[in-house]
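In: Have a look; sequence and predicted model below, questions after that.
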Amino acid sequence: MTIGPLPKMKQAQIGLMTVNALVDSVGLTRTPEELFKNPPRDLFEREQSWLVPDYGDAATQRLVLAYQSFLVTLGDTQILVDCAVGEDGNFPVRPDWHRAKSNWLNHLGQCGLAPEDIDAVVLTHLHMDHTGWLTRLDCDEWRPTFPNAVHMTTQRELDYWTSSEAAFDYMSTSIEDSIRPVLDAGLLKCIVPETEVAEGLFTVDLAGHSPGMIGLEYRKNGRVIASFSADLMHHPLQVAEPDVCTAFCFDPLQAASIRHKKLAEYADQQTIVFCGHFPGQSAGRIEDYELGFRFVPLD
């Protein structure tokens with residue numbers, strides 16, 4: 001993973017909520033054929049006018065992805081949304097992540113916080129690139145990074161991945177290394193959609209990409225002002241073409257259905273959407289465009 005300065009979104013202030021991005025890594029990753037399941041053969045070419053250079057490379061057609069968390073400050077509460085890849089992790093099928101280091105903790109420190117200051121960790125789902133910083137390696141033992149935080153995910157998500165991890169080589173030992181120590185420490189709480197995590201900040205059902213995936217919505221007067229959309233979209237290509245699903249989706253049809261629904265809702269309500277895998281300015285609005293939508297980063 002990259003060490004040093006990384007392109008990331010600007011701090012966002014939305015109502016009483018402040019949001020910072022904590023970036024683990026960002027850069028060229030897979031081609032559309034590698035990331036998505038049966039994408040249109042000309043997907044890159046027909047979207048190339050806006051893809052290059054921020055979201056893709058014309059020469060290789062590889063897409064730019066970020067791996068990051070969002071730090072949400074709402075009142076006196078400090079909330080982490082997902083925990084990125086982490087460091088020292090066991091990822092033999094991903095050499096760029098395997099036993100790698102990152103500056104993620106320094107980014108947290110630049111926000112004026114230590115791990116002990118985090119009050120809540122919301123795990124949108126338990127894929128290995130969202131759970132890495134839950135623990136740190138200490139004398140060959142994985143220990144929870146946020147000892148004072150309540151950690152939250154759904155029961156369905158927890159049950160599925162604690163029983164199915166071995167079936168997916170990309171998950172490697174992430175459940176044992178990142179989830180099990182938090183469970184053993186009594187820090188993990190299972191929640192349901194529509195749980196109010198902090199004032200005005202609610203969990204929302206986004207199941208499809210993963211069996212029990214959730215997001216967060218910041219609501220006021222019946223409107224969704226901001227959304228943390230988990231892996232509803234991995235890349236802006238899925239905003240432009242919502243039927244395109246990743247090769248990692250648990251239920252592609254359900255994933256596409258909830259993506260269509262939420263993109264239409266967020267476009268209608270002018271919601272600011274925080275997209276964890278979008279590089280650079282990863283906060284923006286969804287706009288109706290041609291037969292789909294487009295992502296417009298915040299200025």
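Out: Right, received. Where do you want to start?
In: contacts for the helix or strand containing residue 215?
Out: Taking DSSP states H and E as the definition, one finds residue 215 inside strand 214-220. Residues outside strand 214-220 that contact it (C-beta atoms under 8 Å, 6 or more residues apart in numbering) are 14-15, 17, 72, 81, 122, 124-125, 153-154, 157, 191, 193, 197, 200-207, 224-230, 232. The C-beta positions use only the backbone N, C-alpha and C, and glycine is treated the same way.
In: Mind listing what's buried along the longest helix along the chain?
Out: Secondary structure of the chain per DSSP state H: the longest helix is helix 252-269. Buried residues in helix 252-269, counting neighbours by 16 or more other C-beta atoms under 10 Å, are found at 252, 254, 255, 256, 258, 259, 262, 263, 266, 267, 269.
In: what angle separates it from strand 214-220?
Out: Angle between the axes of helix 252-269 and strand 214-220 is 20 degrees (criterion: axes from the mean of the first three to the mean of the last three C-alpha atoms, to 10 degrees).
In: Skipping its backbone neighbours, what lies nearest residue 36 in space?
Out: residue 244 (5.2 Å; C-beta to C-beta, 6 or more residues apart in numbering).
In: Name all residues that make contact with that neighbour.
Out: 36, 39, 40, 43, 237, 238, 256.
In: What subset of those residues is buried?
Out: The neighbour count (16+ other C-beta under 10 Å) marks 36, 39, 43, 237, 238, 256 as buried among the contacts of residue 244.
In: Pull the most distant pair out of those residues.
Out: Comparing every pair within the buried ones among the contacts of residue 244 by C-beta to C-beta identifies 43 and 256 as the most remote, at 14.7 Å.
In: Surely residue 124 and residue 209 touch.
Out: No. Assessed by C-beta atoms under 8 Å, residue 124 is found out of contact with residue 209, at 9.4 Å.
In: Overlap of the contact sets of these two?
Out: Here residue 124 and residue 209 have 230, 231 as joint contacts, going by C-beta under 8 Å, 6+ apart.
In: Neighbouring strands of the strand holding residue 215 in the sheet, and parallel or not?
Out: With DSSP bridges as the test, strand 214-220 is paired with strand 201-205 (antiparallel), strand 223-228 (antiparallel).
In: buried residues in that strand?
Out: 214, 215, 216, 217, 218, 219.
In: in the stretch 101-250 of the chain, which spans are helices?
Out: 104-110, 155-164, 174, 180-184, 237-240 (DSSP state H, counting those that start in this stretch).
In: So which elements touch the second one?
Out: Same thing as helix 155-164. strand 188-191 (3 or more C-beta pairs under 8 Å, 6 or more residues apart in numbering; DSSP states H and E).
In: Following element in sequence after the helix or strand containing residue 288, please.
Out: Secondary structure from DSSP H and E places residue 288 in strand 283-289. Per DSSP H and E, the first helix or strand lying C-terminal to strand 283-289 is strand 292-297.
In: could you give the angle of the strand holding residue 215 to helix 155-164?
Out: 160 degrees.
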